[in-house]
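>>> one predicted model, sequence on top.
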There are 2 protein chains.
Amino acid sequence: MARVLTPRAEDFPRWYQDLIAKAQLADNGPVRGTMVIRPAGYAIWERMQSEMDARIKATGAENAYFPLFIPESYLKREAQHVEGFSPELAVVTHGGGKQLAEPVVVRPTSETVIGEFMAKWVDSYRDLPLLLNQWANVVRWELRPRIFLRTSEFLWQEGHTAHADEADARAYARRILHEAYEDFMVNVLGIPVVVGRKTARERFAGATSTYTLEGMMGDGKALQLGTSHELGQNFAKAFDITYSSADRTVEHAWTTSWGTSTRMLGGLIMAHGDDDGLRVPPRIAPIQAYVMIVKAGDGVGEAAGKLRDALRDAGVRVALDDRVDTPFGRRAVDAELKGYPVRVEVGPRDLAAGNAVVVRRTDGSKTPVPVGDVVSTVLAALDADQKTLHDSALAFRESRTVDVKTLDEALEASATGWARLPWAAVGTEGETRANGQGVTVRCL
Amino acid sequence: MARVLTPRAEDFPRWYQDLIAKAQLADNGPVRGTMVIRPAGYAIWERMQSEMDARIKATGAENAYFPLFIPESYLKREAQHVEGFSPELAVVTHGGGKQLAEPVVVRPTSETVIGEFMAKWVDSYRDLPLLLNQWANVVRWELRPRIFLRTSEFLWQEGHTAHADEADARAYARRILHEAYEDFMVNVLGIPVVVGRKTARERFAGATSTYTLEGMMGDGKALQLGTSHELGQNFAKAFDITYSSADRTVEHAWTTSWGTSTRMLGGLIMAHGDDDGLRVPPRIAPIQAYVMIVKAGDGVGEAAGKLRDALRDAGVRVALDDRVDTPFGRRAVDAELKGYPVRVEVGPRDLAAGNAVVVRRTDGSKTPVPVGDVVSTVLAALDADQKTLHDSALAFRESRTVDVKTLDEALEASATGWARLPWAAVGTEGETRANGQGVTVRCL
Ligand SMILES: [Zn+2]
Ligand SMILES: [Zn+2]
């Protein structure tokens, strides 16, 4: 097969960029750092949203929507925020044809405005816990943008909760971490994330604990796929989120925040993609089975249509490609690029023998299967390949992770993958030295 | 019952505002003209999205996401746009801590940026029709904001499609109008919209035809709930959306655009609300049955829990209110305000007789029902009340619409409702005169 993408081993960032363009997942937007998410990419994001949203709601959180525009003064309320965000802010100075009396900021997160409203809505301990989530776009000006990974505008969900005591806040931050995020990433995205705490240095400004989920990408590097923060009472004190307790004393609430974003699309591509294109785990794939008419012929169109219907009736997300005026080879390369888990190729020759060909994206196998067995074969392949993608990502991670004893060994190992070592062998000074060499301590 | 809201007859706008606050649907945001959509309001919007999204996808459109920020120059491309939008634009002049070389606009619609990308993506007639939809926030600076109806930021879906010929574009604009919008508004929202074309004056800038869906609100006034536009080749010419035909000639595409927004939340409130609060049609209601424990007592909690489970198992969206430390009267008033279609009240006295009380929001009826019959009673009530709300909105509309022959009669009728008359009796001059008196020609 002709080379379609730059091979990963040759230039991983270039491979990533090629794949996004050729699989029609996204384009750069006209304003530097913004992106256009094309239908093939957005359909994956929609499935991510629906799977995550169900898990988030199962923890008791409710969705709401807070405004895009935030008064500049809000961000100054919490000193640590301004420092963290001000070089990244987009500022609106003109509205309705006039200069604004007070400039407004395009939200880099809704944390401050949500804090303001939590303070209004929370009165007594009966109003707690208050569990809010929002799906929205946010803006953080980005000087070195990369689609899905670092863009000036991205889509995300941000959760913000207030609790009556520390134990409840901690339990909730961990529940989201494990029941929503880890479960989704491992069992749906097929990415065997490592879950743990960040060092004091890598922690979110204002957080007392930051939990992270780190996936290993195809180049052996780590990508942070989500975080969940315990904010102690820091945030409640800055925003005056207080409640009257059952004993009628006034207390500050304990808050958490947690988020995941379109960066997960980048993680999905880099964790599972190969030199032929994307490989989408069946549980997240918008199209699980792609029925292709190889070329026109006696009964071929009818047989393909029936297979499409039978697969759909069996609960498979299926699409039919009947563009016989486009060469089959080109369409097959495109299907590989887009990473449909299973292709069902229907052509005159195989059909004459009563067969269709089932092609699995995960291992490239091509198997002629009697037409009557296609549905069961596809269902079995989808199940097996979900597991295969996860297990090979895990095997890859293990092959690129070494257990070491000293920081020097760890720095050496970081050239090709991850190193696991006791925090005592690193310490804050060791972390400074590692950072100096472009290596970060990802997870405790 | 104590008066909770300003009665509609006394001050309709005030009633609307009171209801939104007391039913906890939304709040004003900190930046003038923005809104916070609270969980009770957002849950309705989520159901609107999911019902509409399914209908839009059934027409063949795919979702995508285009950037929030648009170069100012894009809006100047199409002269009619600048005129229409420039007094409404929010302009970002600073990003990443610096003044931007070229200011960027926060999208008032994505039409121009989608046009730009359609031009890139469409090459041959095989790429048509290109059917795109987007769910997003947009900003149009608003000097006289009203929550849901006119806000500086609102949420919407905007569809943009390109077709090979006029007939296909026209058929598609009408398909969205009827199969997606009208079907949803009539059969789910229970609002008997009038569907038709706008006059040349009321038409969208650049459109060759604008179709509208108009609902009558509780004050007899019209609210536009959605529009679908045929743009002819105007837009394709401004954005250079061309394709090579089967005969290898280069042609301009024919485009459409269509949208609905969070304004539908305002329409829902004003079409069905009464002096006690919201009335939500069962098919759109996030909570269809609200099981309330009247007060603690022998077996009451258990019975209520079982009813909740039985309703859920029967496919009813159900919630349980067991806050027995809050007076029942207050909770009942709150349930009326929030407009849950059916309440199931479980208290010790009725339960001793083997009953629960089924309260229907639509007509206020309270019926003791044997516990074993609650599920079937609720299911029947949900069906009947969906129809009742639609039919009473229709009856109200008819009672407030008169058939007249002259413009003078029509202007008189418009004080309390709508007038239906031949366009020949109005004409462009008549329209000018009507506009001068604050009356608009809504629908041909
Ligand atoms: Zn903070
Ligand atoms: Zn236009």
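That came through, no problem. Ligands and ions are numbered 1, 2, ... in the order given.
>>> beyond the helix or strand bottoming out on mean pLDDT in chain A, next helix or strand please.
Here the helix or strand of chain A ranked lowest by mean pLDDT, DSSP states H and E is helix A:79-85, holding a mean of 58. Helices and strands here follow DSSP states H and E; after helix A:79-85, the next one along the chain is strand A:90-95.
>>> which residues touch that following strand?
Strand A:90-95 has contacts (Cβ atoms under 8 Å, 6 or more residues apart in numbering or on different chains) with A:69, A:72, A:99-100, A:103-106, A:139, A:141, A:152, B:69, B:89-96, B:103, B:106, B:141, B:152. Every residue, glycine included, has its C-beta placed from N, CA and C.
>>> dump the C-alpha coordinates for that strand into PDB.
The C-alpha coordinates for strand A:90-95 follow below in PDB (Å, rounded to 0.1, in the frame of the first residue of the first chain):
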ATOM      1  CA  ALA A  90      -8.600  37.100  25.600                       C
ATOM      2  CA  VAL A  91     -10.100  40.500  26.500                       C
ATOM      3  CA  VAL A  92     -13.200  42.100  24.900                       C
ATOM      4  CA  THR A  93     -12.900  45.800  25.000                       C
ATOM      5  CA  HIS A  94     -15.700  46.700  22.600                       C
ATOM      6  CA  GLY A  95     -19.300  45.700  22.600                       C
END
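>>> for stretch A:11-23, C-alpha coordinates in PDB please.
Extracted C-alpha coordinates of stretch A:11-23, given in PDB (Å, rounded to 0.1, in the frame of the first residue of the first chain):
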ATOM      1  CA  ASP A  11       8.400  12.000  12.900                       C
ATOM      2  CA  PHE A  12       5.700  11.500  15.500                       C
ATOM      3  CA  PRO A  13       4.400  15.100  15.600                       C
ATOM      4  CA  ARG A  14       4.200  15.200  11.800                       C
ATOM      5  CA  TRP A  15       2.400  11.800  11.700                       C
ATOM      6  CA  TYR A  16      -0.100  13.300  14.200                       C
ATOM      7  CA  GLN A  17      -0.700  16.300  12.100                       C
ATOM      8  CA  ASP A  18      -1.000  14.300   8.800                       C
ATOM      9  CA  LEU A  19      -3.500  12.000  10.300                       C
ATOM     10  CA  ILE A  20      -5.700  14.700  11.600                       C
ATOM     11  CA  ALA A  21      -5.800  16.300   8.100                       C
ATOM     12  CA  LYS A  22      -6.100  13.200   6.100                       C
ATOM     13  CA  ALA A  23      -8.700  11.500   8.300                       C
END
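>>> could you give the average pLDDT over it?
If you average the pLDDT over stretch A:11-23, you get 97.
>>> phi, psi of the one residue in the stretch 101-250 of chain A that gets nearest to chain B?
Closest to chain B within the stretch 101-250 of chain A is A:W141: 3.4 Å, counting by Cβ to the nearest Cβ. Note on A:W141: its backbone torsions stand at phi -50, psi 130 [degrees, to the nearest 10].
>>> quick one: buried ones out of the contacts of strand A:90-95?
Among the contacts of strand A:90-95, the ones that count as buried by 16 or more other Cβ atoms under 10 Å in any protein chain shown are A:69, A:100, A:103-106, A:139, A:141, A:152, B:69, B:89-96, B:103, B:106, B:141, B:152.
>>> from A:L128, how far off is A:R248?
For A:R248, the distance to A:L128 (Cβ to Cβ, to the nearest Å) stands at 15 Å.
>>> look at the two and report which has more neighbours.
Set A:R248 next to A:L128 and count neighbours by other Cβ atoms under 10 Å in any protein chain shown: A:L128 wins out with 23 against 8.
>>> the more buried one against A:S244, yeah?
No: taking contacts as Cβ atoms under 8 Å, A:L128 lies outside contact range of A:S244: 10.7 Å.
>>> can you tell me which residues contact A:E51?
Applying Cβ under 8 Å, 6+ apart, the residues near A:E51 are A:184, A:188, A:283-284.
>>> now render those residues as a markdown table, adding neighbour count, distance to B:R361 and pLDDT.
Below are these laid out as a markdown table (neighbours: other Cβ atoms under 10 Å in any protein chain shown; distance: Cβ to Cβ, whole Å; pLDDT from 0 to 100):
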| residue | neighbour count | distance to B:R361 | pLDDT |
| --- | --- | --- | --- |
| A:F184 | 25 | 37 | 98 |
| A:V188 | 19 | 39 | 98 |
| A:R283 | 20 | 40 | 98 |
| A:I284 | 20 | 40 | 98 |
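>>> among those residues, which are located in strands?
Residues of these located in strands (DSSP state E): none.
>>> return the closest of those with respect to B:V294.
Distance to B:V294 across the contacts of A:E51 (Cβ to Cβ) is lowest for A:F184, with 39.9 Å.
>>> dump stretch A:37-56 to CSV, restricted to CA.
Extracted C-alpha coordinates of stretch A:37-56, given in CSV (Å, rounded to 0.1, in the frame of the first residue of the first chain):
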residue,chain,number,x,y,z
ILE,A,37,-13.6,20.1,14.4
ARG,A,38,-14.9,18.4,11.3
PRO,A,39,-17.8,15.9,11.4
ALA,A,40,-15.6,12.8,11.6
GLY,A,41,-13.8,14.3,14.7
TYR,A,42,-16.9,15.8,16.2
ALA,A,43,-18.8,12.5,16.1
ILE,A,44,-16.1,11.0,18.4
TRP,A,45,-16.4,14.0,20.7
GLU,A,46,-20.2,13.6,20.8
ARG,A,47,-19.8,10.0,21.9
MET,A,48,-17.2,11.1,24.5
GLN,A,49,-19.6,13.6,25.8
SER,A,50,-22.5,11.2,26.1
GLU,A,51,-20.5,8.5,27.8
MET,A,52,-18.9,11.0,30.2
ASP,A,53,-22.1,12.9,30.8
ALA,A,54,-23.9,9.7,31.9
ARG,A,55,-21.1,8.9,34.4
ILE,A,56,-21.0,12.4,35.8
